[in-house]
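K.L.:
below: sequence and its predicted model.
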Amino acid sequence: MAESHVVVLGAGLGGTIAAYEIRAALKGKARVTVVNKGDDYWFVPSNPWVAVGWREPEAIRVNLPPIMAKQGIGFNGSGATRVHPDENRMDLGDGTSIDYDYLVIATGPDLAWDEIEGFGPERNTVSICETASAAQAHAKFEELCANPRPIVVGAAQGASCYGPAYEMAMTLDTALKRRGIRHKVPMTFVTPEPYIGHLGLDGVGDTKGMLESEMRDRHIKWITNAKVASVDEGTIHMVEVNEDGSEKKTHDLDFGWCMLMPPFRGVPALMGLEGLVNPRGFVIVDKHQRNPKYQNVFGLGVCIAIPPTGPTPLPVGVPKTGFMIESMVTAVAENLKELHAGQETTHEATWNAVCLADFGDGGVAFIAKPQIPPRNTNWASEGKWVHLAKIGFEKYFLRKVRKGQSEPFFEKLAMHAMGIKKLEMN
């Protein structure tokens, strides 16, 4: 029997480990090809450190083609311009096309800067969503340090990734204190969340109390239920809304440095493909990570459609953390293995969440099992150990990517995190 062809679209956290794990699960039964926009993997969780100059971009980059070749995985770095699911084919950025028997979509999101006037790194705000943008944010941070002015940090309506916003605010506070100029830089945190620490998850443990306390201790003001209307050079215009979504108050905040997590949507190569994606462009999957209409297409990571945890005055998306993504990867690999054995798919992702939110001099860790409440485990803790754990996480994961390792590790990370806290308490 001829080998089938599995194409993985995207080489971020999810797509890279998916390629490794699928290759290991289907060795001898399928060839695997990765299609990505660019040849590099970037450890995005370290981008807040890049933005304040604590990491050089090169330190968190992995060049993928030689590693993929060593693992027996094909690689194309020209990206995809259009997926044709009815034809089992994909158009590539280099003008060619590629056929597949199975497609695993792990693109991550398209960053919807254009949905808010004046928003984004090409306009009036900075970004940490991509490492190149974080490097630009660092340049502007150095300008701010030379000429101290207010900072605005947070997230825009429709965002579905809040941990990095909190990390950025606290890390900025730590970095400015180390330079002895924190007293010259007022800081405001703005978010569409109904309360601080909601995180798109309706909170985990006492994240509300912990994060509010951190902000008070660090003299960071906040505005919740905040809808960004537009951004001018040096000024952000927003509306604070009531519980019913009606206007409560308008705010015009001046800034010298502003970073807000943007709304997410699906990538252009998938937009408008009825049955494959929802109106926002996110991939529709069943409990086996499989698209109901195109049964040979799987989706994992930030690009999949997940309903919100509950109603909120403003759109607040659900984050997809590394633990959750890794469980999706394993489910996809095992389901592909079953399909190649002529069996039905049976594996489901656990959808658990582990997050280490680093604050530069400490941090908050939380574990939600499952991610969407009600939960069996609802644990949150804080301390200097979180900062050290995040450094270890960065080193471990980059080593994993560089070696082409496929074994899951977020469950181990969760148990290790809780174990460290217990030792600290003793």
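P.N.:
Perfect, I can see it now.
K.L.:
low pLDDT regions in the chain?
P.N.:
By pLDDT under 70, the weakly predicted segments of the chain are 1, 407-426.
K.L.:
domains for it, by residue range?
P.N.:
According to automatic domain parsing, the chain comprises the domains 4-111+265-351, 116-263.
K.L.:
Ala380 is nearest to which of the ones you listed?
P.N.:
Nearest to Ala380, of all the domains of the chain, is domain 116-263, at 3.0 Å by CB to CB. Yep, even glycine has a C-beta here, placed from its N, CA and C like the rest.
K.L.:
chain center to that closest one: distance?
P.N.:
In terms of CA atoms, centre = their mean, to the nearest Å, the centre of domain 116-263 is found 17 Å from the chain centre.
K.L.:
for this protein, which segments count as helices?
P.N.:
13-25, 47-51, 64-70, 131-146, 163-178, 207-217, 322-340, 384-403, 410-425 (DSSP state H).
K.L.:
and the third one, which residues are buried?
P.N.:
If you call a residue buried by 16 or more other CB atoms under 10 Å, then helix 64-70 has these buried ones: 64-65, 67-68.
K.L.:
who touches that helix?
P.N.:
11, 16, 19, 34, 36, 39-41, 74-75, 77, 401-404 (CB atoms under 8 Å, 6 or more residues apart in numbering).
K.L.:
distance to Leu276 for the helices of the chain - can I get that in JSON lines?
P.N.:
What follows is the helices of the chain, written out as JSON lines (distance: least, CB to CB, whole Å):
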{"stretch": "helix 13-25", "distance to Leu276": "17"}
{"stretch": "helix 47-51", "distance to Leu276": "30"}
{"stretch": "helix 64-70", "distance to Leu276": "26"}
{"stretch": "helix 131-146", "distance to Leu276": "29"}
{"stretch": "helix 163-178", "distance to Leu276": "28"}
{"stretch": "helix 207-217", "distance to Leu276": "34"}
{"stretch": "helix 322-340", "distance to Leu276": "16"}
{"stretch": "helix 384-403", "distance to Leu276": "28"}
{"stretch": "helix 410-425", "distance to Leu276": "28"}
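K.L.:
thinking again about what came up before, highest neighbour count among the contacts of helix 64-70?
P.N.:
The residue in the contacts of helix 64-70 with the most neighbours, by other CB atoms under 10 Å, is Ala19 (32 neighbours).
K.L.:
of the contacts of helix 64-70, which pair is most distant in space?
P.N.:
That would be Gly77 and Lys403, which, of these, are the farthest apart (CB to CB) at 20.2 Å.
K.L.:
how about Ile105: what's its closest non-neighbour residue?
P.N.:
Gly299 (4.6 Å; CB to CB, 6 or more residues apart in numbering).
K.L.:
before we move on, what about Thr377?
P.N.:
Thr377 sits nearest to Lys369 (CB to CB, 6+ apart), 3.9 Å away.
K.L.:
the one you found reaches Asn352, doesn't it?
P.N.:
Yes. In this structure Lys369 lies within contact range of Asn352 using CB atoms under 8 Å: 4.3 Å.
K.L.:
okay, these two: which has more neighbours?
P.N.:
Ranked by neighbour count (other CB under 10 Å), Lys369 and Asn352 place Asn352 first, with 21 against 17.
K.L.:
re earlier: ok, and which of the helices of the chain has the densest surroundings?
P.N.:
Mean neighbours per residue, mean count of other CB atoms under 10 Å, is largest over the helices of the chain for helix 47-51, with a mean of 27.
K.L.:
that older thread, list the contacts for the residue nearest to Thr377?
P.N.:
Neighbouring residues of Lys369 by CB under 8 Å, 6+ apart: 350, 352-353, 375-377.
K.L.:
the same query, at a cut-off of 6 Å, please.
P.N.:
By CB atoms under 6 Å, 6 or more residues apart in numbering, the residues touching Lys369 are 352, 375-377.
K.L.:
for ChimeraX, write a command that selects the buried ones of these.
P.N.:
In ChimeraX, this line selects whichever of these come out buried by 16+ other CB under 10 Å:
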select :352,375
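K.L.:
a markdown table please, covering the contacts of Lys369 and showing distance to Ile304.
P.N.:
What follows is the contacts of Lys369, written out as a markdown table (distance: CB to CB, whole Å):
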| residue | distance to Ile304 |
| --- | --- |
| Asn352 | 16 |
| Arg375 | 20 |
| Asn376 | 22 |
| Thr377 | 23 |
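K.L.:
from the contacts of Lys369, pick the one nearest Ala137.
P.N.:
Closest to Ala137 out of the contacts of Lys369 is Asn352 (30.9 Å), distances taken as CB to CB.
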